[in-house]
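Novice: model the structure of this input:
(chains A and B)
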Amino acid sequence: MTTGITAPGVVGVRVPGRSVRHDIRAIKIVLHREMLRFVNDRTRMVSTLVQPVLWLFVMGTGLSTLVSRGPSQGVDFRTFMYPGVIAMTVITTAMFSAGSIVWDREFGFLREMLVAPVGRASIVIGKCLGGGIVATAQGIIILALAGLVHVPYSPTLIITLLGEMFLASFAITAFGVSLAARMKNMQTFFGIMQMAIMPMIFLSGAMFPLSNLPAWLSFLTKINPLTYAVDPMRHAVFTHLDVSPQAVEALNPGVHWYAWHVPVAAELGIVALMGIALLGVAIAQFRRTD
Amino acid sequence: MTTSEEPAVAVRGLKKNYGDVEAVKGIDFEVRPGEVFGFLGPNGAGKTTTISMLCTLSRPTGGSASVAGHDVVKERDEVRRNIGLVFQDPTLDGYLSAEQNLRFHAELYGVPKEVVGERIRQVMEMVALWDRKDAKVMTFSGGMKRRLEIARGLLHSPRVLFLDEPTVGLDPQTRSAIWGYINKLRHTEDITIFMTTHYMDEAEYCDRIAIIDHGEIVVIDSPEALKASVGKDRVQIQTADDQTAITALAERFGLDAAVREGVVTFAVASGEEFVPRLFADLGVPIRSVHVSRPSLDDVFMNYTGSTIRDAEGESGASAWMRARARR
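Specialist: Residues are numbered from 1 along each chain as shown, chains lettered A, B, ... in the order given. Alright, predicted model coming up:
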């Protein structure tokens, strides 16, 4: 199919048919836009940092006077909270990225993407990769604070955490996009997001250790997908700390299904599977037309 | 390469219902390649709904349509590749620069890398925005945004360009500039233009127009032919007593008059010669008289029974609600 150009001096453009190469270009440009938006939006960068810093240094310091007498002796409560705060940061940032789809709808830009001759999958994948990368970048700032809470700057730890952060934020962006796909305004989205995210963070072990909990609470933490994103991060941090086995037992108990201690690899597998499933849901949502 | 025989747009019995509301009630028309085709009608007549279906954004309830030879339901990607779109509401990313917006479009449409830069420059020069390429779009005025959207719609050399109310909400100067670009386009690119408007004066620029009202096409023809078909002049009079004047016009002259836009309005052959008789025989004091040659307004009134502004007053609210619901 040719798109003919008649006048001299006019650049001829032939738009090729659908191909994998074209889909990859589409994914790349959607991703690129997410980056540009993130880099240009300094206020967002700063505002999403306020909350974790408050948790880590205000709540963390305040609570540490209470808990330092318990079995966690020798471990700063802020050190315990640190992986949880990383998880919170990437989760909130990823949700914000996903929410920008609602924004795009309100301001019309979504329509520009939806009339393009590319698969809906390319748009959604680009968006989720973008959300994942942006949230990970935001998490890097928290990583930089490690020294303040007695966590060593070990290269293996940093690389492990980066990988885990990306995985978690990709899955969360996919979750957010599947929610945002049909939503018409920002208020609804943020309302629903608060409703979904707050309990998930509370039940994830980000704020308190998942040991010695009452049965009902213990059960809720186990069916919460975020638990499986937070636990590997805590595990990574604790393997790089020099603390007593008792403290590890109390603060980093891991997740148990009955007697089985769920290994980190399985936990990451759960997060990855959730991410892919939610990505599928998000793509299906976008394929529906009026 | 011109496929001159194949229509650029072909529509057969196209329908769209939103719940119980029949927004488009089975319309038929064809647009010839290279034509500027206008859809004229009040807000809420079904113009935007029709464009959404032709652009694959909304699925028809019934009937069929093809654009550039491709079915809008079965070959959506092919249709999308061959059309350019300029919507009523802006669809630009205000946080990106003008050039970044166009680059996004080029990548999304798969414009070959080696021509992207050159083509962007060309379309931006056409709408006189090249010197503002690095400015963020949020700093642009409404007219500049619309011009940028036209440039973007042309970036991938579409065969059919859809313009939904391209000049609505713009100042007269920008409106005429946009018409300048559209006219220039017809000479520089091998393109068919499909547009909607509710401005009568703009419909004059079209090769052919379709008048649409309440979801149905009332008539399709060239603006000249439509005006000739009316054959009568329009007379508007201000009187001391409108109701008595209307009754008198019917009884004494056999004319069907009504109050339109606040004045008594009727159509009559050779209006200027009729005015002296009107003063002599009406029996109601006349304060002013205005006689005009048939315009598209009269064409619209002739075919639909109301002026376009009156029609908007009546259906404007529901159109607004429908537009909100669509988003």
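Novice: please count neighbours and contacts with C-alpha atoms only from this point.
Specialist: Will do.
Novice: which residues of the chain score low on pLDDT?
Specialist: No chain in the question, so chain A it is. Applying pLDDT under 70 to chain A picks out residues A:1-12, A:68-73, A:289-290.
Novice: oops, chain B please
Specialist: For chain B, the ranges with pLDDT under 70 are B:1-5, B:308-327.
Novice: how about the strands in it?
Specialist: Applying DSSP state E to chain B gives strands spanning B:9-18, B:21-31, B:36-40, B:62-67, B:70-71, B:83-86, B:160-164, B:192-197, B:208-213, B:216-221, B:233-239, B:258-260, B:263-268, B:286-292.
Novice: and the angle from the fourth one to strand B:160-164?
Specialist: Using axes from the mean of the first three to the mean of the last three CA atoms, to 10 degrees, the direction of strand B:62-67 lies 120 degrees away from that of strand B:160-164.
Novice: walk me through which strands strand B:62-67 pairs with, and which way each runs.
Specialist: Strand B:62-67 pairs in its sheet with strand B:9-18 (antiparallel), strand B:70-71 (antiparallel), by DSSP bridges.
Novice: what's the answer for the longest one, then?
Specialist: According to DSSP bridges, strand B:21-31 has the following sheet partners: strand B:9-18 (antiparallel).
Novice: tell me which residue in the stretch 51-200 of chain B sits closest to chain A.
Specialist: residue B:91 (4.3 Å; CA to the nearest CA).
Novice: what about that residue, how many neighbours?
Specialist: Neighbourhood size, residue B:91 [other CA atoms under 10 Å in any protein chain shown]: 22.
Novice: just checking, it touches residue A:114?
Specialist: No - the criterion here is CA atoms under 8 Å, and residue B:91 misses it with residue A:114 at 11.0 Å.
Novice: so which strand or helix has residue A:65?
Specialist: Using DSSP states H and E, the element containing residue A:65 is helix A:60-67.
Novice: show me which residues of the stretch 101-250 of chain A sit near chain B.
Specialist: A:105-118, A:184 (CA under 8 Å from any CA of the partner chain).
Novice: go again using 7 Å as the cut-off
Specialist: A:107-109, A:111-112, A:115-118, A:184 (CA under 7 Å from any CA of the partner chain).
Novice: how about the strands in the stretch 151-290 of chain A?
Specialist: In the stretch 151-290 of chain A, the strands defined using DSSP state E, counting those that start in this stretch lie at A:256-257, A:260-261.
Novice: given the last one, what are its sheet partners and their directions?
Specialist: Counting by DSSP bridges, the strands paired with strand A:260-261 are strand A:256-257 (antiparallel).
Novice: tell me which parts of chain B are close to chain A?
Specialist: Checking chain B against chain A by CA under 7 Å from any CA, the hits are B:1, B:57-59, B:77, B:80-81, B:90-93, B:95, B:104, B:107-111, B:119, B:156-159, B:188-190, B:327.
Novice: how many other residues sit next to residue B:107?
Specialist: Look at residue B:107: counted by other CA under 10 Å, it has 22 neighbours.
Novice: could you pull up the contacting residues of it?
Specialist: A:25-26, A:29 (CA atoms under 7 Å, 6 or more residues apart in numbering or on different chains).
Novice: inside helices: which ones of the residues you listed?
Specialist: Mapping the contacts of residue B:107 onto helices (DSSP state H) picks out A:25-26, A:29.
Novice: nearest to residue B:210, of these?
Specialist: residue A:26 (37.0 Å; CA to CA).
Novice: roughly how far apart are the closest one and residue A:228?
Specialist: Separation of residue A:26 from residue A:228 (CA to CA, to the nearest Å) stands at 32 Å.
Novice: now for the helix holding residue A:65, which elements pack on it?
Specialist: helix A:77-106 (3 or more CA pairs under 7 Å, 6 or more residues apart in numbering or on different chains; DSSP states H and E).
Novice: what sits up against the next helix or strand after the helix it packs on?
Specialist: Sequence order places helix A:109-114 as the next helix or strand after helix A:77-106, per DSSP H and E. The contact list for helix A:109-114 (CA under 7 Å, 6+ apart) reads A:104, B:91-93.
Novice: phi, psi of the residue of the stretch 51-200 of chain B closest to chain A?
Specialist: When read as degrees, to the nearest 10, the backbone of residue B:91 gives phi -130, psi 40.
Novice: stretch A:136-156: end-to-end distance?
Specialist: Stretch A:136-156 has an end-to-end distance of 16 Å (criterion: CA to CA).
Novice: would you mind listing the buried residues in it?
Specialist: For stretch A:136-156, a neighbour-count test (16 or more other CA atoms under 10 Å in any protein chain shown) marks A:136-140, A:142-143, A:146, A:149, A:151 as buried.
Novice: using JSON lines, lay out those residues together with secondary structure.
Specialist: What follows is the buried residues of stretch A:136-156, written out as JSON lines (DSSP: H, G, I helix; E, B strand; the rest coil):
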{"residue": "A:136", "secondary structure": "helix"}
{"residue": "A:137", "secondary structure": "helix"}
{"residue": "A:138", "secondary structure": "helix"}
{"residue": "A:139", "secondary structure": "helix"}
{"residue": "A:140", "secondary structure": "helix"}
{"residue": "A:142", "secondary structure": "helix"}
{"residue": "A:143", "secondary structure": "helix"}
{"residue": "A:146", "secondary structure": "helix"}
{"residue": "A:149", "secondary structure": "helix"}
{"residue": "A:151", "secondary structure": "coil"}
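Novice: state the distance from the residue lying closest to residue B:246 once chain neighbours are set aside to residue B:268.
Specialist: By the measure of CA to CA, 6 or more residues apart in numbering or on different chains, the closest residue to residue B:246 outside its immediate chain neighbours is residue B:257, 5.7 Å from it. Distance from residue B:257 to residue B:268, counting by CA to CA: 10 Å.
Novice: quick one, what contacts residue A:207?
Specialist: A:81, A:84.
Novice: with that, I have no additional questions.
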